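> have a look at this fold, sequence not included:
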């Protein structure tokens, strides 16, 4: 089975090449059907490999096995974690392609295959990154998925704000990739290796009795900074809301559903394989760095989510808030926390993709994603409204959704004051989504009024006056656009409700993380109570926001945090440098000691 591992990125990349070459000669339905078939084939291959991944699979491409104490080949790994991510990427890409059947304007003549080709290129890059066993090829696939994501974000090139959002996304993430490449160069200079496991062994040998040195620290900081940019951790997160605001909705489903999560997965994989030994970064320093950044990310994401009226921006900041929880979960270096984070990530992917799909329906039906202007206008979309509300409850941690089970397991594992962070972030992000559902789909509460004089730039980020992404505003929502979010929510429910599934996920993560022990992943009374607490808080906050908006502050308030989201790429680059310096400062004490 190991010989099939390289096909995971190769199949979608080959499909993309065929669409580019032949897309101009076939009608649009044929090109989109072919893209969906290739994506489904990759998903099936990933699932088959996943079912045969114990013990983990390792493939040296082209039979370039290590010899004479060194290695120059490309290594691909297939364990439960990497193949699980590849399967998630492929299934969500298939869902996005299915959702897109009625979504875009007809492309220019002769370019019917451009959109599905870009989606397959995106899928291939993400699958390659998930299964890469050496740092250089992880960087290559990191850049490949980045290039595809930049093009998809600015796909509507006739709109200036789409081009601007895509450009900011490209510049910030490209700098993150260059940081990764510099980190790879430093680690190669130290060990003469590129394979992750062999770099880790080389660092341990080079360190001897002296522990890590400044070069190891620099390689660690630079490589992880690039990953944290992709994960949209604070203060690297500024590109994400701007990109989500302008990207086509199916692309947002992938950005928040899997690409951000791949950044978190990369941090977990690289530290555990490369830097967790005696020649790497001490566990206490890694925990301090990840927990501090995770707390900042969770708090900033949740607060900014609450004060958005642009629905796609609101969902983007919700992703940032939950990314903070993922970082805390992997940062505490506990098997139970890793298991809970994996389940949380799976449930979050389905829920967040479904919420973006519902937001896309609003955009194409009413030409707006502004909570204020849509007040009460979507009463007829009962099914969409129900799915949006269910998604908000799932984000809040309602049992038995996978988000609830993952949150319960992770927050019990981290313990102490960090449990409060899990409850608060889940409650606040879930409440923001429920508030939108109550106002937009039910028309509850007084109609929000525009303020005068406080914020003149609000028109740029309100979400009103948007152009629909279909040929014209939808009078009737196609079945595919309703079926996809419904299936995604059911999948998120299955993650937490299907007996034995959580245990399988936990076993796969523990085996890939080399913990040596397998933790028990199941519902507990404490976990259920904490989930119910965060859900009740979310419902209560949403009810107060709708009936007494003056008590909690209206969306769009000019907070200092909002002013930092300036839209100027130079500011975002400056914050990237600040974040890199902060990461180095948090990890420095172990090296000095």
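Cool, got the structure. A quick note: this is a predicted structure, and the numbers were derived from the prediction, not measured.

> rest of the way, CA atoms for contacts and neighbours
Noted.

> next SSE downstream of the host helix or strand of residue 119?
Element membership for residue 119, per DSSP states H and E: helix 114-131. Downstream of helix 114-131, the first helix or strand assigned by DSSP H and E is helix 135-153.

> which residues sit against stretch 525-542?
With CA atoms under 8 Å, 6 or more residues apart in numbering as the test, stretch 525-542 has contacts from 393, 396-399, 404-405, 407-409, 412, 423-424, 426-432, 434-435.

> in helices, which of these appear?
Judged by DSSP state H, the subset of these located in helices is 393, 396, 404-405, 407-409, 412, 423-424, 426-432, 434-435.

> excluding chain neighbours, what is closest to residue 268?
residue 330 (6.4 Å; CA to CA, 6 or more residues apart in numbering).

> what's the separation between residue 285 and residue 118?
39 Å (CA to CA, to the nearest Å).

> so how far is stretch 29-36 off the chain centroid?
Its chain's C-alpha centre lies 26 Å from the corresponding centre of stretch 29-36 when counted by CA atoms, centre = their mean, to the nearest Å.

> for the record, mean pLDDT for that stretch?
The pLDDT scores in stretch 29-36 average 88.

> would you mark the buried spots in that stretch?
Residues of stretch 29-36 classed as buried by neighbour count (16 or more other CA atoms under 10 Å): 31, 32, 34, 35, 36.

> now do stretch 50-57
Buried, per 16+ other CA under 10 Å, within stretch 50-57: 50, 52, 53, 56, 57.

> before we move on, back to that, elements contacting the helix or strand hosting the residue nearest to residue 268?
Take DSSP H and E as the rule and residue 330 turns out to sit in helix 311-331. Judged by 3 or more CA pairs under 8 Å, 6 or more residues apart in numbering; DSSP states H and E, the packing partners of helix 311-331 are helix 239-246, helix 260-270, helix 283-306, helix 335-366, helix 402-414, helix 418-442.

> run through the neighbouring helices and strands of the longest one.
Packing contacts for helix 335-366, counted by 3+ CA pairs under 8 Å, 6+ apart, involve helix 249-254, helix 311-331, helix 382-396, helix 402-414, helix 479-497, helix 501-513.

> same thing with the third one?
With contacts taken as 3+ CA pairs under 8 Å, 6+ apart, helix 283-306 sits against helix 311-331, helix 418-442, helix 560-564, helix 569-592.

> hey, which of those helices is tucked in deepest?
Among the helices and strands packed on helix 283-306, the stretch with the highest mean neighbour count (mean count of other CA atoms under 10 Å) is helix 311-331, at a mean of 29.

> now it: average pLDDT?
95.

> angle of it against helix 239-246?
150 degrees (axes from the mean of the first three to the mean of the last three CA atoms, to 10 degrees).

> burial of the nearest residue to residue 435 once chain neighbours are set aside, as a residue count?
Distances taken as CA to CA, 6+ apart put residue 542 closest to residue 435, at 4.7 Å, once the chain neighbours are dropped. Using other CA atoms under 10 Å, residue 542 has 27 other residues around it.

> so which helix or strand takes in residue 542?
Going by DSSP H and E, residue 542 is in helix 525-547.

> find the centremost residue of the chain, please.
residue 260 (2.5 Å; CA atoms, centre = their mean).

> return the residues in contact with that one.
So residue 260 contacts 230, 231, 232, 323 (CA under 8 Å, 6+ apart).

> buried subset of those?
Applying 16+ other CA under 10 Å to the contacts of residue 260 flags 230, 231, 232, 323 as buried.

> circling back to that earlier point, between helix 382-396 and the helix holding residue 330, find me the angle.
Using the same axes, to 10 degrees, helix 311-331 lies at 30 degrees relative to helix 382-396.

> so how far is helix 311-331 off the chain centroid?
Distance, stretch centre to chain centre, for helix 311-331: 8 Å (CA atoms, centre = their mean).

> would you mind giving the helices and strands packed on helix 335-366 as JSON lines with distance to residue 220 added?
Converted to JSON lines, these look like this (distance: least, CA to CA, whole Å):
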{"stretch": "helix 249-254", "distance to residue 220": "27"}
{"stretch": "helix 311-331", "distance to residue 220": "15"}
{"stretch": "helix 382-396", "distance to residue 220": "32"}
{"stretch": "helix 402-414", "distance to residue 220": "24"}
{"stretch": "helix 479-497", "distance to residue 220": "33"}
{"stretch": "helix 501-513", "distance to residue 220": "19"}
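
> of all the ones you listed, which one comes closest to residue 84?
Distance to residue 84, taken as CA to CA, is lowest for helix 501-513 among these, at 8.7 Å.

> any low-confidence regions in this structure?
63, 67-72, 102-113, 157-158, 160, 207-211, 449-472, 514-519, 551-559, 589-593 (pLDDT under 70).

> one more time with 80, if that's ok
1, 23-28, 62-73, 102-113, 154-165, 205-213, 448-475, 513-520, 549-567, 588-593 (pLDDT under 80).

> so what are the domain limits for this structure?
1-131, 135-281+566-593, 282-451+458-557 (automatic domain parsing).

> quick check, residue 77 in a helix?
No. Counting by DSSP: H, G, I helix; E, B strand; the rest coil, residue 77 is located in no helix; its state is strand.

> surely it touches residue 55?
No. Counting by CA atoms under 8 Å, residue 77 does not reach residue 55; the two are 11.1 Å apart.

> if I've got this straight, residue 59 is in a strand?
Yes. Residue 59: assigned to a strand according to three-state DSSP.

> burial of it, as a residue count?
Using other CA under 10 Å, residue 59 is surrounded by 21 other residues.

> any figure for the gap between it and residue 66?
Distance, residue 59 to residue 66, by CA to CA: 12 Å.

> what's the answer for residue 263, then?
Distance from residue 263 to residue 66, by CA to CA: 28 Å.

> more neighbours, those two?
Per other CA under 10 Å, whichever of residue 263 and residue 66 has more neighbours is residue 263, with 24 against 14.

> thought that one was touching residue 237?
No. If you go by CA under 8 Å, residue 263 and residue 237 don't touch, sitting 12.0 Å apart.

> residue 424 and residue 302: what is the separation?
8 Å.

> I meant to write residue 392 there.
13 Å.

> please enumerate the shared neighbours of those two.
residue 429.

> these two - which one has more neighbours?
Between residue 392 and residue 302, counted using other CA under 10 Å, residue 392 has the larger neighbour count: 29 against 26.

> these two touch, right, that one and residue 428?
No. Residue 392 is not in contact with residue 428 according to CA under 8 Å; the separation is 10.0 Å.

> among the buried residues of stretch 29-36, which ones are in strands?
Applying DSSP state E to the buried residues of stretch 29-36, no entry is found in strands.

> would you format those residues as a markdown table with distance to residue 190 included?
Formatted as a markdown table, the buried residues of stretch 29-36 follow (distance: CA to CA, whole Å):
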| residue | distance to residue 190 |
| --- | --- |
| 31 | 47 |
| 32 | 47 |
| 34 | 46 |
| 35 | 43 |
| 36 | 44 |
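
> of those, closest to residue 577?
residue 35 (38.8 Å).

> ok, now which ones touch that closest one?
Residues near residue 35 by CA under 8 Å, 6+ apart: 15, 16, 19, 97, 116, 117, 120.

> in CSV, list these along with distance to residue 163.
Converted to CSV, the contacts of residue 35 look like this (distance: CA to CA, whole Å):
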residue, distance to residue 163
15, 26
16, 23
19, 24
97, 22
116, 20
117, 19
120, 21
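
> most neighbours, which of those?
Counting by other CA under 10 Å, residue 120 has the largest number of neighbours within these, with 31 neighbours.

> wait, that one sits on residue 9?
No. Residue 120 lies out of contact with residue 9 (CA under 8 Å); the separation is 9.4 Å.

> what about residue 285, neighbour count?
18.

> from residue 179, how far off is it?
Distance, residue 285 to residue 179, using CA to CA: 20 Å.

> if we can go back for a sec, now, among the buried residues of stretch 50-57, which is nearest to residue 586?
residue 56 (33.2 Å).

> what's near enough to touch the closest residue to that closest one other than its chain neighbours?
Counting by CA to CA, 6+ apart, residue 79 is the residue found nearest to residue 56 once chain neighbours are left out, at 4.4 Å. The contact partners of residue 79, taken as CA under 8 Å, 6+ apart, are 50, 53, 54, 55, 56, 57, 508, 511, 512.
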